[in-house]
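# all I have is the shape, not the residue letters:
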């Protein structure tokens with residue numbers, strides 16, 4: 001290539017590079033603006049208020065059932081400790097098994113019985129709990145399956 005052709009080529013190349021740079025910068029600004037608009041819209045949708053009536057109709061009270069309400073319990077089931085009336089003189093904690101986002105209370109006597117069964121039968125996988133009585137007179141029976 002002679003000098004004039006080389007110079008024209010480099011000049012055109014620089015012009016193309018500048019054009020590409022400007023396009024990329026513009027696209028980046030567009031993407032940023034679009035992303036910010038979507039974030040703002042999402043925050044606005046989250047803040048939409050409902051009426052008390054609508055909130056009440058959608059309300060589902062949290063419930064804690066009893067481990068005896070389950071037909072079959074896996075010993076490896078996820079558990080958690082829930083504390084109620086926190087910060088008061090009546091504060092208490094219970095161990096619960098969690099099934100489909102529902103808590104099933106596990107009485108301490110059931111945990112103690114399962115501990116005893118596991119000593120004799122470490123391969124225990126499933127059990128059933130039955131209960132008789134009410135309140136302080138409730139008796140639980142753990143049946144290995």
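The structure has been received and is ready for your questions. Predicted model only: the values in this text are computed from it and were never measured. Numbering: from 1, shown residues only.
# okay, domains of the protein per the record?
The record assigns the chain these domain ranges, following automatic domain parsing: 3-57, 64-144.
# out of these, which gets the lowest mean score?
Looking at the domains of the chain, the lowest mean pLDDT belongs to domain 3-57 (a mean of 61).
# so what does residue 103 look like in phi/psi?
In terms of degrees, to the nearest 10, the main-chain angles of residue 103 are phi -90, psi 130.
# list the residues that contact it.
Listed by C-beta atoms under 8 Å, 6 or more residues apart in numbering, the contact set of residue 103 reads 62, 63, 64, 65, 80, 82, 96, 97. For glycine as for every other residue, the C-beta is placed from the backbone atoms N, C-alpha and C.
# do that again at 10 Å, thanks
62, 63, 64, 65, 66, 79, 80, 82, 94, 95, 96, 97 (C-beta atoms under 10 Å, 6 or more residues apart in numbering).
# so the last one bridges to which residues?
Think residue 97. Taking DSSP bridges as the rule, residue 97 bridges to residue 79, residue 104.
# what about it, neighbour count?
Counted with other C-beta atoms under 10 Å, the neighbours of residue 97 add up to 18.
# from what I see, it and residue 107 are in contact.
No - shown here, residue 97 and residue 107 do not form a contact pair, counting by C-beta atoms under 10 Å, at 11.4 Å.
# joint contacts of the two?
residue 67.
# which stretches of the chain form strands?
Along the chain, counting by DSSP state E, strands occupy 64-66, 73-74, 79-84, 92-99, 102-106, 126-132, 139-144.
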